[in-house]
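**Q** missing the sequence, but the structure's below:
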């Protein structure tokens with residue numbers, strides 16, 4: 001398998017994982033059901049804080065949209081290798097870097113403003129970093 005196609009497949013897989021994490025947060029929050037954090041943090045305090053919206057949009061919805069976009073983009077790039085252009089990958093790189101910066105901003109809020117951690121939010125941030133690394137790797141290999 002071509003390395004570019006492999007990177008697209010790995011990125012699509014990571015984004016699918018991120019999508020399900022963001023969807024889990026959305027689902028639990030929408031149903032007002034308690035969230036079970038895998039490492040014993042207080043996810044409720046984080047996902048229901050005043051910082052859980054950005055420009056009036058729930059952060060988990062932004063995550064769902066981001067991961068869905070990255071997933072669809074990489075499935076298309078895997079399916080149609082002729083779409084693998086520098087412009088497309090540079091655009092995906094810029095978007096993935098924005099996601100990492102936004103994740104760092106949200107981690108800063110958890111650490112300094114809320115003084116509470118959400119394991120699911122941290123997992124989502126890690127997935128954003130993985131996507132950025134994969135995208136950067138692809139660009140370097142172009």
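**A** Here it is on my side, so go on. The shown structure was predicted, so the numbers you read here are calculated from the model rather than taken from an experiment.

**Q** Break down the protein into its strands, ranges please.
**A** Taking DSSP state E to define them, one finds strands in the chain at 53-54, 57-58.

**Q** Turn those strands into a markdown table, including distance to residue 18, mean neighbour count and mean pLDDT.
**A** For glycine as for every other residue, the C-beta is placed from the backbone atoms N, C-alpha and C. Below are the strands of the chain laid out as a markdown table (distance: least, C-beta to C-beta, whole Å; neighbours: other C-beta atoms under 10 Å; pLDDT from 0 to 100):
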| stretch | distance to residue 18 | mean neighbour count | mean pLDDT |
| --- | --- | --- | --- |
| strand 53-54 | 17 | 13 | 96 |
| strand 57-58 | 16 | 14 | 97 |
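
**Q** Tabulate these in TSV, adding columns for distance to residue 10.
**A** As requested, the strands of the chain are exported to TSV (distance: least, C-beta to C-beta, whole Å):
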stretch	distance to residue 10
strand 53-54	28
strand 57-58	28
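
**Q** Nearest to residue 65, out of the ones you listed?
**A** Closest to residue 65 of the strands of the chain, according to C-beta to C-beta: strand 57-58, at 9.0 Å.

**Q** Quick one: distance of stretch 45-53 to the chain centre.
**A** On the basis of C-alpha atoms, centre = their mean, to the nearest Å, stretch 45-53 sits 17 Å off its chain's mean C-alpha point.
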